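Peer 1: Next come a sequence and a model predicted from it.
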Amino acid sequence: MIFIASDHRGFELKSDIVRLLTKKGIEVHDQGPFTYDPDDDYPRYASLVCQEMSGSHNSKAILLCGSGVGICVAANKFKGIRASIGFNVAQVEAGRLHDDMNVLVLASNFTTFEDAQKLVEAFLNTEYDALPHHDRRLKQIDAFEKDKI
């Protein structure tokens, strides 16, 4: 299963991605928004997804906002979340392979649907390599989170 959410600026691209994933038979848990609202804010949607992920082992998510920055910052405030903005396929693959990135953030103002498809495929099809030096780094990051929600 993959969780997904956006703010108003990512709404259209999110809707396209939900249709794409559903067509591929991937279970999608859409956390909204479900209608376009120019007054919605990304922290709410980052929170909905990240809280849901905390109870789901090895879950992944896609979050979208205009620049990608705001929703990425918000998501990374939650324990166990390793979110990064996806710029290109190689970077997304490296994020999954080396850092066990579990949230792909898309900058809807700068990402076409065609590019988003490639980034999502790389995110979903690349597994964490769990090499000792990568595990060691993730454990160091986990130690930062002992006081996070």
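Peer 2: Good, I have the coordinates. Numbering: from 1, shown residues only.

Peer 1: who touches the helix or strand bottoming out on mean pLDDT in the chain?
Peer 2: Taking mean pLDDT, DSSP states H and E as the measure, the helix or strand of the chain with the lowest value is helix 132-144, at a mean of 91. Residues from elsewhere that reach helix 132-144 (C-beta atoms under 8 Å, 6 or more residues apart in numbering): 82, 98-100, 128. Heads up, the C-betas are built off the backbone N, CA and C, glycines and all.

Peer 1: Over to stretch 94-106?
Peer 2: By C-beta under 8 Å, 6+ apart, stretch 94-106 touches 10, 13, 17, 49-50, 53, 58-65, 68, 71-72, 75, 80-86, 92, 116, 119-120, 122-123, 126-129, 134, 137-138.

Peer 1: give me that answer again for 7 Å
Peer 2: With contacts defined as C-beta atoms under 7 Å, 6 or more residues apart in numbering, stretch 94-106 is touched by 10, 13, 59-64, 68, 71-72, 75, 81-86, 92, 116, 119-120, 123, 126-129, 134, 138.

Peer 1: show me where this protein has helices.
Peer 2: Remark: helices assigned in the chain by DSSP state H are 11-23, 42-53, 69-75, 89-99, 113-125, 132-144.
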